[in-house]
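**Q** Based on what follows, work out the 3D shape:
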Amino acid sequence: MTATQAPLRRTLPRIPDRFAAFGAVLIVLIVLAAVLAPWLAPYPLDEPKPLESMLPPSGAHWFGTDQAGRDVFTRVLYGGRTSLFIAVSVLAVSALAGVTLGVVAGYAGGWVRDVIMRVTDVFLAFPALLLSLTLAVVLQPSVTTVVLAIAVTWWPWYTRLAASVAASITTRGYVDAARCLGVPAPLIILRHVLPNSLTPVLVQLSLDAGGVILTAAALSYLGLGAQEPTAEWGLMVQQGQTYFTTNWWVVTFPGLAILVTAFAFNVLGEGLRNALDPHRAVK
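**A** Predicted coordinates for the structure are as follows:
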C-alpha cells in the first residue's frame with residue numbers, strides 16, 4: 001500500500017458513520033415536523049373545501065390539495081404523527097415482550113428455553129406480513145389494530161436475538177461470581193444480563209423502525225389500518241392512487257414521506273450496527 005493510499009483506506013470506515021449522521025438528522029427533522037404539526041400546518045387538518053379540490057402545488061398550498069380540498073402538506077405533517085406513533089408503539093410492545101422472554105430463556109436454559117423458543121418458532125413459521133394481514137382482517141380496522149397486528153409478528157425476532165445474547169453473557173465470569181455469592185436470579189438478570197443484552201436490541205430497533213412504517217402503510221393502503229378522518233401516509237396513498245395520472249401530487253408527497261422516513265431509519269440502523277460491531281476492522 002502506498003503512502004497516498006493509506007490515508008484513503010483509513011477514511012473508508014468512517015463513511016457509514018457520515019451516512020448514519022445524515023439519517024439521524026433526517027429522523028430528528030421528521031420527528032420535529034410531526035410533533036410541531038399543529039403549529040407548522042398552514043391549514044386545519046380536516047377542513048374540506050370542495051371549491052379548492054385538486055389544486056396543484058403553489059405558494060398557497062405547497063403540496064397541493066386533495067379531492068376534498070384539504071391541504072396535502074397539512075395532512076402529511078399530521079400523517080407523520082400517526083406513522084411515528086405506530087412505529088414507536090409496535091417497537092415498544094415487541095421489544096418489551098421479546099426481550100423479556102429472550103433474556104429469561106437465555107439465562108434459564110433447559111426446558112424453559114425450549115418452551116419459549118418453540119413458541120417463538122411457531123410465530124416465525126408464518127410470513128410476518130401474511131400474519132399481520134390475517135389479524136387485521138379479523139379485528140376492526142384502526143390504528144390500534146395496526147399496532148397489535150404488527151407487534152404480534154415482530155416480538156419473536158427480539159426474543160431470538162435477546163436469547164442468543166443472554167445465553168452468551170450467562171457464561172461469563174461476573175455472572176458466575178454473582179451466582180456463587182448467592183445473588184437471586186432475578187437480580188442477576190436485571191443487573192448483569194439485561195443491560196449487556198440491550199446493545200444489539202437497540203441496533204435492531206433502529207433497523208426495524210422503517211420496516212414497521214412500511215408495513216403499517218401497507219395495511220392502511222389495503223383499508224385494514226387507519227381510517228378517515230385520521231391522517232396516515234398509507235391511507236393517503238390509497239385515497240390518491242386513482243388520481244395519480246392526472247393529479248400526481250395527491251399520492252406523491254405522502255409516498256415520498258414513507259420513502260424518506262424508512263430510508264432515514266435504515267441508514268441510521270446500518271450506521272449504528274457498524275459503529276457498535278466489536279469485530280469491525282479498522283485499518
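**Q** Show me where the protein has its helices.
**A** Shown for the chain, the helices assigned by DSSP state H span residues 5-11, 15-35, 37-40, 72-108, 110-124, 128-138, 143-170, 173-180, 185-188, 194-221, 233-240, 249-276.
**Q** Need these in TSV (columns: distance to residue 63 and mean neighbour count).
**A** C-beta: built from backbone N, CA, C; applies to glycine. TSV is the format used below for these (distance: least, CB to CB, whole Å; neighbours: other CB atoms under 10 Å):
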stretch	distance to residue 63	mean neighbour count
helix 5-11	39	10
helix 15-35	13	15
helix 37-40	13	13
helix 72-108	4	22
helix 110-124	39	14
helix 128-138	28	17
helix 143-170	23	22
helix 173-180	55	12
helix 185-188	52	13
helix 194-221	17	21
helix 233-240	10	24
helix 249-276	5	20
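**Q** Can you lay out those as a markdown table showing mean pLDDT?
**A** Shown next, in a markdown table, are the helices of the chain (pLDDT from 0 to 100):
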| stretch | mean pLDDT |
| --- | --- |
| helix 5-11 | 42 |
| helix 15-35 | 84 |
| helix 37-40 | 90 |
| helix 72-108 | 92 |
| helix 110-124 | 89 |
| helix 128-138 | 84 |
| helix 143-170 | 89 |
| helix 173-180 | 81 |
| helix 185-188 | 82 |
| helix 194-221 | 88 |
| helix 233-240 | 90 |
| helix 249-276 | 87 |
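**Q** nearest to residue 57, of these?
**A** helix 249-276 (5.5 Å; CB to CB).
**Q** Next, the angle helix 194-221 makes with the closest one.
**A** 160 degrees (axes from the mean of the first three to the mean of the last three CA atoms, to 10 degrees).
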